[in-house]
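Student: Dropping the sequence and predicted coords here.
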Amino acid sequence: MLGLMQDHPLMISSIIRHAARHHASAEIVSKTTEGALHRTTYAATEARARRLARVLQGLGIRPEDRVATLAWNGYRHLELYYAVSGMQAICHTLNPRLAPADLAYIINHAGDALLFADTTFAPLVQAIAPEIRKTVRAVVFLCGPDSMPDIALPEGMDLLCYETLMDAADENFAWPVFDERAAASLCYTSGTTGNPKGVLYSHRSTVLHAMAINQADVFAMRARDRVLPVVPMFHVNAWGIPYAAPMAGSTLIMPGRHLDGASLTALMNGERATISAGVPTIWMGLLMHLRASGERLPHMQRFVIGGSACPRMLFEAFQSEFGVRIDHAWGMTETSPLGTYNTLKSTNAGLEGEALLRLQEKQGRALFGVDMRIVNDAGEEQPWDGEHTGHLEVRGPWVASAYFDGQGAEAFSADGWFATGDVASIDPDGYMEITDRSKDVIKSGGEWISSIQLENIAVSHPDVAEAAIIAATHPKWDERPLLLVVAKPDREIDKADILRIYDGKVARWWVPDDVVVVDALPHTATGKLQKRALRETWRNHLLQQAG
Ligand code: ADP
């Protein structure tokens, strides 16, 4: 017998319709590329998204067509999110930090029909245009006619102005209702492990993920919150905030392209932001600025930090010096992205000081909807004792079931688990801790050493700005940890002093064999350390040292 309840497919358009109706005047504040603040509301955004859907129809966009965006966080990008998915086309967010050749590869691979770009990316668009002319019919710059970039596009590729198109369109568009499993948006992993792979989200996965990330023990955004996503809308849909915030009726504060400490402080304080989210590098920059300027963050309550392991010093600094709580989260493009989130339980609610920090360093507990397990090389499940580590696998309704064109099939098991490529432990309370990427783990004499843990300790040294641990080949132990460090401005690195910081914090045999001082460390387009490149350069360092 079926239940007798109404059957409403989970549609992304229902989010913006809800916000427009029930939080009509809640604001979206955007720092524009021109520098000024732009203010609009959910009601106006929903109307503009309908107008944009008419523009897209006029440009020949049909269900399932891919429409690419190359844009910072801002109100026009939000209109694209809702219009493109809402009309049953697929919103493909592009990461402008990728190399031009990778961008062209991704656009061609996805078969994007149109490209909407912020004017700041005009030179990049011009550079890749010849490579993408077979698929992209037109480039639409997200600006008014006065700000249109003066660039030449190949024949057959139109150069269009967003606001001119919007002015010429009407709002006579009714959001269609269709199969909730239909594709809604597309995001490529940054390709740190080979060619970029496309993850194709559905309406159903997006709506469920947005509901899940806003549970009380997760983002917990309320109608009275003022949420500033620093994480870009091209990085796994800004972790779902552009969907979850309108669901809750929270004010959205969009930072545009200036993500340095001074710009963020001004925006956070000027707009009284209460919650913000981003990767550790952003918060390092913010911390340095706050300490140097003496400014405070009087309205901010919480930062959500994920994308890479959050170093302990960020928890310490923000929580004790600035009164901003830090929530550690884990996820990946393939998991929409949120998989785990670290908040306290009744069993550990009283933790303080060192014990609390130690817990917060973990990546957190699985959200309802996500199941996880750790397995050894033979696929056998490992115990949840906080000691055993294994390959982390996850499953759930917002976890990918395959990549866009079937590549990378080995990550998806026949019994429905997705292999994340991360190595983790899980403690008896269900807190998961990432110890490594499978490919970065250091196998020393058959035992595994966590590069992440060693890096976190290294950056707590007052002279170290950034650190990377890589597996260096060793004649006796196969691999040993090698520490690469970047010094803070005006600091000298004393190798022996750096290594002393490991005393008492890790087992003796975990201490790196050597320290190499470098000017800078390479990063991927999503801000992660490019360990493959580092390994290529430094893999033989210990062998050479041994003579
Ligand atoms: P990429 O394309 O670079 O893999 P993702 O954003 O999908 O981009 O990266 C996901 C990976 O980032 C995870 O598999 C994990 O290795 C790492 N990661 C994400 N959050 C954390 C975290 N809180 N701590 C440690 N690693 C993390």
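Tutor: Cool, the structure landed.
Student: so what's the residue of the stretch 1-150 of the chain found nearest the ligand up against?
Tutor: Nearest residue of the stretch 1-150 of the chain to the ligand, counting by CB to the nearest ligand atom: Asn95, 9.0 Å away. (Glycine included, C-beta is placed from N, CA and C.) By CB atoms under 8 Å, 6 or more residues apart in numbering, the residues touching Asn95 are 103, 188, 190, 232, 234-235, 525-526.
Student: Which residues of the stretch 201-350 of the chain lie near the ligand?
Tutor: For the stretch 201-350 of the chain, the contact set with the ligand under CB under 6 Å from any ligand atom comprises 236, 306-309, 328-333.
Student: Just the ones of those residues in helices?
Tutor: Assigned to helices by DSSP state H, none of these qualify.
Student: And the furthest pair within the residues you listed?
Tutor: Farthest pair in those (CB to CB) is His328 and Thr333. Separation: 18.5 Å.
Student: Please identify which of those two sits among more neighbours.
Tutor: His328 (25 against 20; other CB atoms under 10 Å).
Student: For the more buried one, give the beta-bridge partners.
Tutor: Counting by DSSP bridges, His328 is bridged to Ile305.
Student: Number of residues surrounding the closest residue to Val236 other than its chain neighbours?
Tutor: Nearest residue to Val236 in three dimensions, chain neighbours excluded: Pro337, at 4.2 Å (CB to CB, 6 or more residues apart in numbering). When neighbours are defined as other CB under 10 Å, Pro337 has 24 of them.
Student: so who does the spatially closest residue to Arg62 that is not a sequence neighbour touch?
Tutor: In space, and not counting its chain neighbours, Arg62 is closest to Ala89: 7.2 Å by CB to CB, 6+ apart. By CB under 8 Å, 6+ apart, the contact set of Ala89 is 56, 61-67.
Student: and the residues you listed, which of them are in helices?
Tutor: Per DSSP H, the subset of the contacts of Ala89 in helices is Leu56.
Student: Show me how to select, in ChimeraX, the buried members of the contacts of Ala89.
Tutor: Of the contacts of Ala89, the buried ones can be selected in ChimeraX as follows, counting by 16 or more other CB atoms under 10 Å:
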select :56,61,65,66,67
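Student: Report the contact partners of Glu180.
Tutor: Neighbours of Glu180 in contact, by CB under 8 Å, 6+ apart: 9-11, 202-204, 207.
Student: go with 6 Å
Tutor: 9-10, 203-204 (CB atoms under 6 Å, 6 or more residues apart in numbering).
Student: Repeat that for Ala183.
Tutor: 90, 200, 202.
Student: what about the second one, which helix or strand?
Tutor: Translated: Leu200. Assigned by DSSP states H and E, Leu200 belongs to strand 198-202.
Student: Contact residues of this structure facing the ligand?
Tutor: 189-190, 192, 236, 306-309, 328-333, 363, 420-422, 434, 437, 524, 526, 528.
Student: ok, now with 5 Å
Tutor: Residues of the chain found near the ligand (CB under 5 Å from any ligand atom) are 189-190, 192, 306-307, 309, 330, 332-333, 363, 422, 434, 526.
Student: So which of those belong to strands?
Tutor: The strands, defined by DSSP state E, take in 330, 422, 434 from those.
Student: Could you measure from the spatially most central residue of the chain over to Pro63?
Tutor: The centroid of the chain falls nearest to His235 when counting by CA atoms, centre = their mean (4.4 Å). From His235 across to Pro63, the span is 26 Å (CB to CB, to the nearest Å).
Student: hang on, the earlier thing: for Leu264, state which of the contacts of Ala89 is nearest.
Tutor: Val67 (29.5 Å).
Student: Partner strands of the one helix or strand in the chain whose mean pLDDT sits lowest and their direction?
Tutor: Of all the helices and strands that make up the chain, strand 447-449 has the lowest average by mean pLDDT, DSSP states H and E, namely a mean of 84. If you go by DSSP bridges, strand 447-449 pairs up with strand 442-444 (antiparallel).
Student: how about the strand it pairs with: buried residues?
Tutor: Result for strand 442-444 [16+ other CB under 10 Å]: buried residues 442, 444.
Student: State the mean pLDDT of it.
Tutor: Taken as a whole, strand 442-444 has an average pLDDT of 87.
Student: and that strand, how far from the chain's centre?
Tutor: Distance of strand 442-444 from the chain centroid (CA atoms, centre = their mean, to the nearest Å) equals 28 Å.
Student: Could you do stretch 242-256 as well?
Tutor: On CA atoms, centre = their mean, the centre of stretch 242-256 falls 16 Å from that of its chain.
Student: what do you get for stretch 252-264?
Tutor: 16 Å.
Student: again, but for stretch 113-133
Tutor: 23 Å.
Student: contacts for that stretch?
Tutor: 33, 65, 67-72, 80, 96, 100, 103-104, 107, 136-143, 147, 149, 151, 153-154, 157.
Student: now the one helix or strand Leu499 maps to: mean pLDDT?
Tutor: Element membership for Leu499, per DSSP H and E: helix 495-500. Mean per-residue pLDDT for helix 495-500: 94.
Student: Report the buried residues of that helix.
Tutor: 498-499.
Student: Can you dump the C-alpha atoms of whichever helix or strand comes after that helix in CSV for me?
Tutor: Counting by DSSP H and E, the next helix or strand C-terminal to helix 495-500 is strand 514-517. The C-alpha coordinates for strand 514-517 follow below in CSV (Å, rounded to 0.1, in the frame of the first residue of the first chain):
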residue,chain,number,x,y,z
ASP,A,514,65.1,16.1,6.7
VAL,A,515,63.8,19.6,6.2
VAL,A,516,64.1,21.5,2.9
VAL,A,517,63.4,25.2,2.8
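Student: who's in contact with Ser320?
Tutor: Contacts of Ser320 by CB under 6 Å, 6+ apart: none found.
Student: How about the secondary structure of it?
Tutor: Taken by DSSP: H, G, I helix; E, B strand; the rest coil, the conformation at Ser320 corresponds to helix.
Student: gap between the closest residue to Lys197 other than its chain neighbours and Ala113?
Tutor: Excluding its sequence neighbours, the residue lying closest to Lys197 (CB to CB, 6+ apart) is Tyr403, at 4.3 Å. The gap separating Tyr403 from Ala113 is 21 Å, by CB to CB.
Student: again, but for Gly35
Tutor: 31 Å.
Student: Then Ser13?
Tutor: Separation of Ser13 from Ala113 (CB to CB) stands at 20 Å.
Student: separation between the nearest residue in space to Asn376 that is not next to it in sequence and the ligand?
Tutor: Once flanking residues are discounted, Asn376 sits nearest to Gly390: 5.3 Å by CB to CB, 6+ apart. Per CB to the nearest ligand atom, to the nearest Å, Gly390 is found 15 Å from the ligand.
Student: Let me know how buried Gly390 is, in neighbour terms.
Tutor: For Gly390, the count of nearby residues is 22 (other CB under 10 Å).
Student: And it, how close does it get to Asn73?
Tutor: Taking CB to CB, one finds Gly390 at 36 Å from Asn73.
Student: cool, Ala467 as well?
Tutor: For Ala467, the distance to Asn73 - CB to CB - is 29 Å.
Student: same thing with Ala169?
Tutor: In terms of CB to CB, Ala169 sits 24 Å off from Asn73.
Student: Likewise for Val125?
Tutor: 19 Å.
Student: which parts of stretch 318-325 are buried?
Tutor: So, applying 16+ other CB under 10 Å, buried residues of stretch 318-325: 318-319, 322, 324-325.
Student: Can I get those in TSV including pLDDT?
Tutor: Converted to TSV, those look like this (pLDDT from 0 to 100):
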residue	pLDDT
Phe318	98
Gln319	97
Phe322	98
Val324	98
Arg325	97
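Student: Please enumerate residues in contact with stretch 462-470?
Tutor: Under CB under 6 Å, 6+ apart, the answer for stretch 462-470 is 451, 454-455, 458-459, 481-488, 491, 493, 521, 529, 531, 534-535, 538.
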